[in-house]
Each structure stands twice: as C-alpha cells, then as structure tokens.
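A.B. asks: no sequence for this one, just the structure:
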C-alpha cells in the first residue's frame, strides 16, 4: 500500500487500535449491495420473489447486501430495473435527501446514476429531477440507468457545473453534490488506484470540489438543502471544503444522527468549528461498507438574482395525433399528461422550461414516449420499462414489448 497514504491515515487516526482496524479492513473483500427500485416494486414484494440471499443494510430501507456468487447483475430482474447494484455506504447519501411534493432536485455529478435513481425512487414520479454528468460517455450510461429504472420525471444533461449557473439560477429546492474525489474509500474495490494516490491530487480535488459547491450555491433557492458527499477520507476534501464553504456562504450544517455513522472531525480542519461534528463519516472498519463523508447543509439566504421563470410560462400547444390517442385508449390506463410532438416522436413534458433552453447539452429534454409510424404508434423502450402493471390493459403484451425492445437495442 502507498506509504504516504498510510502515514497520513496514521497521523489522523493515531497508531492505536482504530488505525490497525482501518488498515486491516483493506484485507477484506469489498462488499456488494443492491437497492430495490420502489418505483417498480416494494421491498417486501421483491423479497418474496428474489432468488438471492440478502442481508438488510441498516441505513437504507430498500438496501441489501448480497452474496457475490448470486451475480444479480446477470439476472433478468436487473434488466427489468427492479434494483440498482450499489456500494452499501453510498446508499446513505441520497437516503438523507428530504423529498417533498413538487420538488425540483439537481444531482450535479450524477453518473453512473446510483444516487439519482435513489432520489427518483423517493420522488415517485412527482416533481423534476435533473441529473448532470460532465463526461459525455458517462452521461450516456447515466441516461440508460435512468431509463432502466423506469423514471419519467428526469432530465439528463452533460455540462460543466458553472455552465448551468445562469439557466438554473435559484431554480432548485434540493441539490446533491457527490463530488469527484481522490477515491480513498474505493481503494478496496479498485486496488490499482492506491499506487496513484498523492497529496497533490488530494489538493487538486479539494479545489475542484469547492468550485462545484459554489456553482451549486447559485442554483439553490434560499431555504434549500445542499448535500455534499465524497468517497474519500482526506480532511482536505471533506471537513476543510465544508468549513471554507460555510464561512463564505450563508449555510448551516444540519445534524444527522445514526448509530452506524461517525461525526466529522473539526480538529482535522484548519480553523474548523464545532459545527463540523454535524457532518458524517462512514468508516469501513466500523460498518459493512467502503466509506463516505456526508454533509447536509441548509441555505439561509440567496444573494443571487431571482429566478426568471418566463420560459416556463410559454405555452406549448400541439394537436395530439390520432394514432397516439388510439394507442393510449387501447393499451393504457394512465392520464395523458402534457404531450408534445417533435417530428415523428412523441414526448411527455417534464417542465416546459427545458424545451426553450439554449446552449446546454441535453440527453433528453422530455420523457420520450415513442415514434409515430405509418398508421400506428410504436412505444419506446423507456415507456415500456416505466409502466406499472395497473397502468396497462394488456400486461403480457407489455412484457414482450420490453424484451423485444431490449433485444433490438443491444
């Protein structure tokens, strides 16, 4: 293991039992977890049909440890979006996101989608979720996971955080920043990254994290909640970043109590106050997980411009094609919602604002329903995956459509 890293952790934890247990944790295999997708199935129902040997994760009601021999990623239930394979301690982050009816929520560093899909499950189709990923390749993976999990109210973008500041100024009620970091909490999962660790990279990550938080601040409403998380242990990226941020901006750190979480360490931060004890550290030597740092912040004031929602006030009118209406009448038991036709494709509007927004890279601006063909409407793979049993008139047909669509796409 990297000597500089061991020395640093020894200085932080002391050279006693805690440090010994921490180092020993790297000898254990990484733990595997899955989170049941409550958009599609309640945990109780899933447990009655699952072929896997599962163990409850205590900080996530829908989370379970599984035996690596079960290989749930290869099971049809995975393709159907009944669960998301996710590192256990990572499930704690979105679980702390308070979700209310009609919320507009941003996941600013979202790929591959674990935390976005967890937030979406808490939203249950209500409100607006924007999931952003700067890397275009990873953004496509994010979009596929959003689709697989049957999420209809999510917009996927691929932009730098500072590029989103103006169009989304003062727009969001809640924001999650699961910041790119030095990844020390993933060393057990990806041992090859240990040799690449260095303090310069830690400091580079800390600088980038603070910039991302400042972008998030401009997009968050007064009274809104900002959750910051990393999968690393370095105070420079955790307590230090939060300490600098709350001293520059008008935020308070909300206290979160859980017997499985440890408090942050104010003494590890330069001029850190006692309020840093309200942050959370998840240690691999104490729980069945790889490790995380989490801070839940509430914004008091907003010195930015008030959000101009003129785009949202623009009406969108469209004559609904007969073939689409006939398909809905014959096959679905759902309300039509706000529908728009673009070329030969049908979409459900999530927020009219996105239809008029310029200079932002969108992977989708609305929920893609399907295509108008000659004298018929062909539903999309995403629509097939998002519908519940009670929302369709011909249930077996929809299973076939979902399978055929997936075969076509792969």
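C.D. replies: That came through fine. What you see is a predicted model, and the numbers here were worked out from it, not measured in a lab.
A.B. asks: Any buried residues in stretch 76-96, and which?
C.D. replies: 77-78, 80-84, 86-96 (16 or more other CB atoms under 10 Å). C-beta coordinates here come from the backbone N, C-alpha and C atoms, glycine included.
A.B. asks: mind listing the helices for the stretch 301-410 of the chain?
C.D. replies: 310-313, 322-331, 353-356, 381-386, 395-409 (DSSP state H, counting those that start in this stretch).
A.B. asks: Would you state the helices of this protein in chain order?
C.D. replies: 3-13, 17-25, 43-49, 76-79, 91-95, 114-123, 136-148, 199-219, 239-248, 310-313, 322-331, 353-356, 381-386, 395-409 (DSSP state H).
A.B. asks: where does this protein dip in pLDDT?
C.D. replies: 302-318, 336-337, 395-410 (pLDDT under 70).
A.B. asks: Can you give me the domain boundaries for it?
C.D. replies: The chain is divided into the following domains under automatic domain parsing: 88-299, 311-409.
A.B. asks: just these: most buried one?
C.D. replies: domain 88-299 (a mean of 20; mean count of other CB atoms under 10 Å).
A.B. asks: That one: end-to-end distance?
C.D. replies: In domain 88-299, first residue to last residue: 28 Å (CA to CA, to the nearest Å).
A.B. asks: what does stretch 174-183 give?
C.D. replies: 25 Å.
A.B. asks: how far does that stretch sit from the chain's center?
C.D. replies: Offset of stretch 174-183 from its chain centre (CA atoms, centre = their mean, to the nearest Å): 10 Å.
A.B. asks: Also stretch 133-143?
C.D. replies: Distance, centroid of stretch 133-143 to centroid of chain: 12 Å (CA atoms, centre = their mean).
A.B. asks: Contacts for it next, please.
C.D. replies: 109-113, 116, 131-132, 156-161, 361, 363-364 (CB atoms under 8 Å, 6 or more residues apart in numbering).
A.B. asks: Could you do stretch 209-223 as well?
C.D. replies: 106, 108-109, 161-162, 164-165, 168-175, 177, 179-181, 226, 228, 230, 237, 241, 244-245, 248-249, 298-302, 304, 307.
A.B. asks: hmm, try it at 6 Å
C.D. replies: 108, 161-162, 165, 168-173, 175, 177, 179, 226, 241, 245, 249, 299, 301-302, 304 (CB atoms under 6 Å, 6 or more residues apart in numbering).
A.B. asks: Check stretch 291-298 too.
C.D. replies: Here stretch 291-298 has contacts from 89, 93, 96, 185, 225-231, 238, 242, 251-254, 256, 279-284, using CB under 6 Å, 6+ apart.
A.B. asks: again, 7 Å this time
C.D. replies: 89-90, 92-93, 96, 185, 225-233, 238, 242, 251-254, 256, 279-284 (CB atoms under 7 Å, 6 or more residues apart in numbering).
A.B. asks: Ok, stretch 38-48 next?
C.D. replies: With CB under 7 Å, 6+ apart as the criterion, stretch 38-48 contacts 36, 61, 62, 81, 82, 120, 121, 124, 149, 150, 151.
A.B. asks: 6 Å instead?
C.D. replies: 36, 62, 81, 82, 121, 150.
A.B. asks: which pair in those residues spans the largest distance?
C.D. replies: For these, the farthest-apart pair by CB to CB is 62 and 150; their separation is 14.7 Å.
A.B. asks: and the contacts of stretch 291-298, which of them are in strands?
C.D. replies: The strands, defined by DSSP state E, take in 225, 226, 227, 228, 229, 230, 251, 252, 253, 280, 281, 282 from those.
A.B. asks: What is the nearest of the residues you listed to residue 194?
C.D. replies: Using CB to CB, these come closest to residue 194 at residue 230, 16.9 Å.
A.B. asks: what sits against the closest one?
C.D. replies: Neighbour list for residue 230: 179, 181, 237, 293 [criterion: CB under 6 Å, 6+ apart].
A.B. asks: could you measure the closest residue to it other than its chain neighbours against residue 131, distance?
C.D. replies: Closest residue to residue 230 apart from its sequence neighbours, by CB to CB, 6 or more residues apart in numbering: residue 181 at 4.1 Å. Distance of residue 181 to residue 131, given as CB to CB, to the nearest Å: 19 Å.
A.B. asks: Name whatever forms a beta bridge with residue 227.
C.D. replies: Beta-bridge partners recorded for residue 227 (DSSP bridges): residue 176, residue 296.
A.B. asks: Contact partners for it?
C.D. replies: Counting by CB under 6 Å, 6+ apart, residue 227 has contacts 97, 176, 296.
A.B. asks: Hmm, the second one is touching residue 107, no?
C.D. replies: To tie it back to what came earlier, the one meant is residue 176. Yes - using CB atoms under 6 Å, residue 176 is in contact with residue 107, at 4.8 Å.
A.B. asks: would you list the domains of the chain in CSV and tack on distance to residue 32?
C.D. replies: Listed next are the domains of the chain as CSV, based on distance: least, CB to CB, whole Å:
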stretch, distance to residue 32
domain 88-299, 8
domain 311-409, 24
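A.B. asks: and residue 379, what is it in contact with?
C.D. replies: residue 370.
A.B. asks: swap in the one 3 residues further on?
C.D. replies: Taking CB under 6 Å, 6+ apart as the criterion, residue 382 is in contact with 147, 368.
A.B. asks: Export the ones in strands among the contacts of stretch 291-298 to JSON lines and append columns for distance to residue 331.
C.D. replies: Shown next, in JSON lines, are the ones in strands among the contacts of stretch 291-298 (distance: CB to CB, whole Å):
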{"residue": "225", "distance to residue 331": "39"}
{"residue": "226", "distance to residue 331": "42"}
{"residue": "227", "distance to residue 331": "39"}
{"residue": "228", "distance to residue 331": "44"}
{"residue": "229", "distance to residue 331": "41"}
{"residue": "230", "distance to residue 331": "45"}
{"residue": "251", "distance to residue 331": "48"}
{"residue": "252", "distance to residue 331": "50"}
{"residue": "253", "distance to residue 331": "50"}
{"residue": "280", "distance to residue 331": "46"}
{"residue": "281", "distance to residue 331": "50"}
{"residue": "282", "distance to residue 331": "45"}
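A.B. asks: Of these, which is the nearest to residue 49?
C.D. replies: residue 282 (30.4 Å).
A.B. asks: Identify the residues contacting the closest one.
C.D. replies: Applying CB under 6 Å, 6+ apart, the residues near residue 282 are 89, 261, 289, 291, 292.
A.B. asks: Mind doing that once more with 8 Å?
C.D. replies: Residue 282 neighbours (CB under 8 Å, 6+ apart): 89, 92, 260, 261, 262, 289, 291, 292, 293, 294.
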